[in-house]
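Colleague: need a 3D model of the following:
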Amino acid sequence: TYASYARGYKTGGYNLDRTTSANGLPSGAPGLAPVADTSFPGEFVDSYEIGAKTQWFDGALALNATVFYQKYTDFQLNTFVGTEFIVDSIPEVHSTGVDLDVLWRLRDLGLSFQGGLTYADTEVEKFTAADLNNPSRFPSLSLLPGQTLGFAPEWSLSVLARAPDAASP
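Modeller: All right, here's what the predicted structure looks like:
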């Protein structure tokens, strides 16, 4: 069994495309002007895991299980705004889930089976426009609180069966 904690960091940066607002400032005004500050802050993640790695039948069967929780602060969201991709920060994203994997080796036959199953609930936490770096840049971000993060599937499954290689002795 094990327990772990890790803190990750992804540096902030600058959007290379110039975005526009009504006056180039978050407050807006008539007309369009480039936004002078195209920066976005660094992203942090605190990751907690508790799990077990087991072996059975003289190592022929390995079963592993992990429960995890991840809290992202200033999550860097790459957003398509119709003409370009812009990175902006979402104040907080949480991911909670379970990961199971198995490896079964049938040594006498030279076969092995491997699989994994993951459940992850990944959600954008509640925030208001005032919590964003530039509240007027992406009005549609107000739709995200409470939503599942895109490209974060709730369920993932992988399966592999491997036969002996004919070229191997």
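Colleague: which element is the residue most central in space within the chain on?
Modeller: Closest to where the C-alpha atoms of the chain average out (C-alpha atoms, centre = their mean) is residue 152, at 6.3 Å. Residue 152 belongs to no helix or strand when assigned by DSSP states H and E.
Colleague: residue ranges with poor pLDDT in this protein?
Modeller: 17-35, 81, 128-140, 166-169 (pLDDT under 70).
Colleague: tell me the helix or strand right after the strand or helix carrying residue 72.
Modeller: Element membership for residue 72, per DSSP H and E: strand 61-80. Remark: after strand 61-80, the chain's next helix or strand is strand 85-106, criterion DSSP H and E.
Colleague: report the inter-axis angle for that next one versus strand 61-80.
Modeller: 170 degrees (axes from the mean of the first three to the mean of the last three C-alpha atoms, to 10 degrees).
Colleague: and strand 85-106, which residues are buried?
Modeller: 86-93, 95, 97, 99, 101, 103-105 (16 or more other C-beta atoms under 10 Å). Heads up, the C-betas are built off the backbone N, CA and C, glycines and all.
Colleague: so what's the nearest residue to the residue nearest to the centre of the chain once chain neighbours are set aside up against?
Modeller: Using C-beta to C-beta, 6 or more residues apart in numbering and skipping residues adjacent in sequence, the residue nearest residue 152 is residue 122, 3.8 Å away. Contact partners of residue 122, counting by C-beta atoms under 8 Å, 6 or more residues apart in numbering, are 93-95, 97, 148-149, 152, 154.
Colleague: lovely, talk soon.
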